[in-house]
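J.: My questions are about this predicted structure, shown below with the sequence.
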Amino acid sequence: MKANVIVFPGSNCDRDVKVALEKFQIQTTMVWHQENEMPKSDVVVLPGGFSYGDYLRCGSMASKSNIMNEVIKHADKGGYLIGICNGFQILTETGLLPGALLRNKKLKFICKYVNLLIENNSTPFTSKYKKNEKIKIPIAHNEGNYFADEKTLNELQNNEQIVLKYCDENLNINEESNPNGSCLNIAGIINKNKNVIGMMPHPERCVENILGGTDGSGIFQSLLN
Amino acid sequence: MTEVNLDLAVQHGLTPEEYEKIKILIGRNPNFTELGIFSAMWNEHCSYKSSRVWLGTLPTKNDRVIQGPGENAGVINIDDGDVAIFKIESHNHPSFIEPYQGAATGVGGILRDVFTMGARPIANLNAIRFGSPNHPKTKHLLNGVVAGIAGYGNCIGVPTVGGEVEFDSCYDGNILVNAMNIGLAKKDKVFYSIASGVGNPVIYVGSKTGRDGIHGASMASQEFDSDSESKKPTVQVGDPFAEKLLLEACLELMQTDTIVSIQDMGAAGLTSSSVEMASKGNIGIELDLNKVPCRETGMTPYEMMLSESQERMLIVLKTGKEKEAEKIFKKWDLDFSVIGILTDSKNLTLKYDNKTVCDIPISALADEAPKYEREWIEIKKPEQTDLEKKLDDVNLDQTIKNLLSHPNQADKSWVWEQYDHMVMCDTAQFPGGDAAVIRVHGNNKKAIAASVDCTPRYCNSHPYTGGMQAVCETYRNLCAVGAEPIAITNCLNFGNPEKPEIMGQFVGVIKGMTEACKKLNYPVISGNVSLYNETNGVGINPTPTIGGVGLIKDISKVKSSRFKNKNNNIYIIGKTIGHLEQSVLCYDILHLKKGPPPPIDLNDELKNSEAIRSLINKNLIESCHDISSGGLILCLLEMSIASQIGFKLNTNKKSLDRVKFLFGEDQSRYIVEVDDQNKNSFEKKLVDLNVYFENIGKTSEKINIDDDLKFDLQELSKLNKEWFYKYNN
């Protein structure tokens, strides 16, 4: 399996994702944002970081980068596309995923392990998990507060597009277990075609016990299925 | 042109004697630009004029030191062709005036010091100190500083893995923001700042120069008064995005064979970077200021030379390599300009609009900078007090709860969860433990451990013991995770050195540090001095922040400070006398601030710490935590809260003796957890090493001290956690 990781000026989880992909024998190429073409691949990753310094609005300038035309074509053809953290923000800015990521409710950057509920395991990115399984994956963001209007939220629910939700140790989904104020505790969503996923948590940060956990591995293993 | 006279020189922070010396050195009256340049090079911040004499007495070498003080950062050998490069620096004055930008640019500055040398930065640490939580400015300063550190470090993508946060009314008017960075490089790919090769081009790269931060270094060399708010324009504004681009561009350039030397533009900007590079190479430098990329129009030579705009570097390239280098900086959308050339004149020559606006010998700016042997008085160790009478009626139950919920002992996750401590995916031990552990990227066994420490109340009581203790504490923290301590970097924060008692504190601390560094073979390889931390004549507690770095050869053996299992044995390693003066109990809880700090026996320090390393190496212990501020009881409670495993402690002591046992801050001690299976080999090992130890209890479900003090672990955890959240709500 082959992956392209897009590198924007200000990306800073690009290397981390590459290391994780390669750990699962996914051959990875880094692609610079100014390129007009990219190697053929099964999956494209938009990594975390602060593309263009988060200036203007997180992800907005990256969404207009040259390479994004290719990334959108790849997704339109049904290729897998993952946006992690800043990558998720870029996906909402391009319109590939609905909604927006606002400033965290408490206005502070949050970096910590959180509990997540696998809401939908019938996607190419989550098939290795069980439905309603609880996993622990870190978040690290200042703008992860997922917002969409009621109509969109209803659609997301009806189409089973909500993949990950913030929960507590006992799988409760409520205000206390919501770290950033996201609507419906949403941590990750998928498009209708089920080939484009955006998630605030960083699975690449927990694929080794020495780093605090391995619950992120399922995302990469699912891809290989 | 502004007329240069004594008044103007004094306004620039120069003394009348210094102004006279300048005139003699250059044989004429300096012009306005030249005066600005002298004031920038000769201020305390850049010239270390009060501290140089004493800094020279610190030990700076051991078998692993490749580069000691004098470069952008120190370099140590960590085997296999790898080196670690690190330094700590203060950004106190700017952070007090504008906390977010002050702290952010402090992080940015120390990052540049490290990547200038060819290292990829792998970890940020910091030590931040604020006034009393009740002081009207504290909440604003705390929030601003933490957000600034987070804003810069998170964006550039270097994890912030450890540090210290402390509150004390002595910092009401002068907060401390000390930022440390560690980077990794290959031994044969380290870059230095020594300029060489007459005719080689001098290159400016990075962000444009603006009017921000002019006279920043001079501001940092003065005391504050009620007018300090008006100094806001001297604070620089950071752009971590630009720094990220600069970092990647510089590291890319360093892979090519183009660089002669490289230096970041930090304090005193273009002036100090060009003068330092030329001075080290004993060579001249000529700059054409019309070529300096400026953010604003109409900037004068004076402003360009004194600006402290951030995210800029000065590079000497090999002749003919300009195009190759320029291509890399253009790729990263950064300014690149050939602004000058190395000359054989040994002068700093500046041209602007085809006129010479400055022509002064480099040696006059650097070697001839003033160096003062300031007057100092020795600060003696205070007498023991009759403190004990006041401790008879201590209510232990309530005191333990007060200790855990005191801001200085409270859980700091509110702070470090704002820092991305995981990016780069090599952080093996998160903040909150004894030392941070960061894996050497791409190596599955090797790691770096780091810790930042100081106990200012000890330093204030007896600077000599306090200086020694700060060094020992980092040493202990590194040993507690199983690392071999290698070297330190120091950030020496003091008041006004022109006062003999302040200079006495400085000298005492240096002497104490020297003793400890020698005995532990743990030299100083980089650092910074911040003086004049005074407002309206009131100085801070002397605060020599020490950043220690160690090597872990097998990361799988690393120990944390969390209890691992119930029914394991708990031991103290090291002797407990029960020294209470200057303890957290007396100082922070009971406000009894007299008396000497706990003494340190460096032989015990070395012996006990080596024993810990050996126990970890042989896998004979399950967890380990050094006993520091708060004594034995806080140490046990921290291990307990982190793991949610309780303990049954048997002190076999009553009343005052028990208070001393629980809260005493005797040095060179550790708590370790040992399972039954290893108990005999563990005890035999310590007997063989002739190390003092005591079995004091077992890990268990609940917290129980001598069967008469019982605590609910969840309640204590909540107390410990909630202070920061309540305060900042």
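T.: Cool, got the structure.
J.: Kindly tell me how buried the residue of the stretch 1-150 of chain B found nearest chain A is, as a neighbour count.
T.: Nearest residue of the stretch 1-150 of chain B to chain A: residue B:150, at 5.0 Å (Cβ to the nearest Cβ). Bear in mind the C-beta positions are built from the backbone N, C-alpha and C, glycine included. Residue B:150 has 25 neighbouring residues, counting by other Cβ atoms under 10 Å in any protein chain shown.
J.: if I've got this straight, it is in a helix?
T.: Yes: assessed with DSSP: H, G, I helix; E, B strand; the rest coil, residue B:150 lies in a helix.
J.: so it makes contact with residue B:159?
T.: No: contact criterion Cβ atoms under 8 Å: residue B:150 and residue B:159 do not qualify, at 11.4 Å.
J.: Just the endpoints, please. Distance across stretch B:276-295?
T.: Terminal residues of stretch B:276-295 lie 25 Å apart, using Cα to Cα, to the nearest Å.
J.: I'd like the distance between the residue of the stretch 1-150 of chain B closest to chain A and residue B:393.
T.: Distance of residue B:150 to residue B:393, computed by Cβ to Cβ, to the nearest Å: 44 Å.
J.: before we move on, what about residue B:522?
T.: According to Cβ to Cβ, residue B:522 and residue B:393 sit 42 Å apart.
J.: Looking at these two now, which is surrounded by more residues?
T.: Taking neighbours as other Cβ under 10 Å, residue B:522 and residue B:393 compare with residue B:522 leading, 25 against 7.
J.: which SSE is that one in?
T.: If you go by DSSP states H and E, residue B:522 is not part of any helix or strand.
J.: in the sheet, who's paired with the residue lying closest to it once chain neighbours are set aside?
T.: The shortest distance from residue B:522 to any non-neighbouring residue, by Cβ to Cβ, 6 or more residues apart in numbering or on different chains, is to residue B:485 (5.4 Å). Beta-bridge partners for residue B:485, by DSSP bridges, are residue B:550.
J.: So which bits of chain A are right by chain B?
T.: Contacts of chain A with chain B, taken as Cβ under 8 Å from any Cβ of the partner chain, map to A:9-10, A:12-13, A:15-16, A:19-20, A:48-50, A:52-55, A:108-112, A:138, A:140, A:142, A:202, A:204-205, A:210-212.
J.: just checking, which of these belong to strands?
T.: Per DSSP state E, strands hold the following members of the residues of chain A next to chain B: A:110-112, A:138, A:140.
J.: what's the farthest-apart pair in those residues?
T.: Maximum pairwise distance among those (Cβ to Cβ): 9.7 Å, between A:110 and A:138.
J.: So those two - more neighbours on which side?
T.: residue A:138 (24 against 20).
J.: if we can go back for a sec, out of everything not next to it in sequence, what's closest to the residue of the stretch 1-150 of chain B closest to chain A?
T.: Once flanking residues are discounted, residue B:150 sits nearest to residue B:418: 4.4 Å by Cβ to Cβ, 6+ apart.
J.: Also residue B:86?
T.: residue B:182 (4.2 Å).
J.: Now do the helix or strand containing residue B:271: which elements does it pack against?
T.: Secondary structure assignment for residue B:271, by DSSP H and E: helix B:269-281. Using 3 or more Cβ pairs under 8 Å, 6 or more residues apart in numbering or on different chains; DSSP states H and E, the elements in contact with helix B:269-281 are helix B:32-42, strand B:259-264, strand B:284-288, helix B:301-306, strand B:312-317, strand B:335-343, strand B:347-352, helix B:362-365.
J.: same thing but at 7 Å, please
T.: For helix B:269-281, the packing partners by 3 or more Cβ pairs under 7 Å, 6 or more residues apart in numbering or on different chains; DSSP states H and E come out as helix B:32-42, strand B:259-264, strand B:284-288, helix B:301-306, strand B:312-317, strand B:347-352, helix B:362-365.
J.: Please produce JSON lines containing these, extended by distance to residue A:24.
T.: Formatted as JSON lines, those follow (distance: least, Cβ to Cβ, whole Å):
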{"stretch": "helix B:32-42", "distance to residue A:24": "54"}
{"stretch": "strand B:259-264", "distance to residue A:24": "38"}
{"stretch": "strand B:284-288", "distance to residue A:24": "52"}
{"stretch": "helix B:301-306", "distance to residue A:24": "52"}
{"stretch": "strand B:312-317", "distance to residue A:24": "38"}
{"stretch": "strand B:347-352", "distance to residue A:24": "56"}
{"stretch": "helix B:362-365", "distance to residue A:24": "56"}
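J.: can you tell which of the ones you listed is closest to residue B:22?
T.: Using Cβ to Cβ, the nearest of those to residue B:22 is helix B:32-42, at 5.3 Å.
J.: After that closest one, which helix or strand is next?
T.: helix B:44-47.
J.: roughly how far out does stretch B:75-88 sit from the chain middle?
T.: Distance, stretch centre to chain centre, for stretch B:75-88: 17 Å (Cα atoms, centre = their mean, to the nearest Å).
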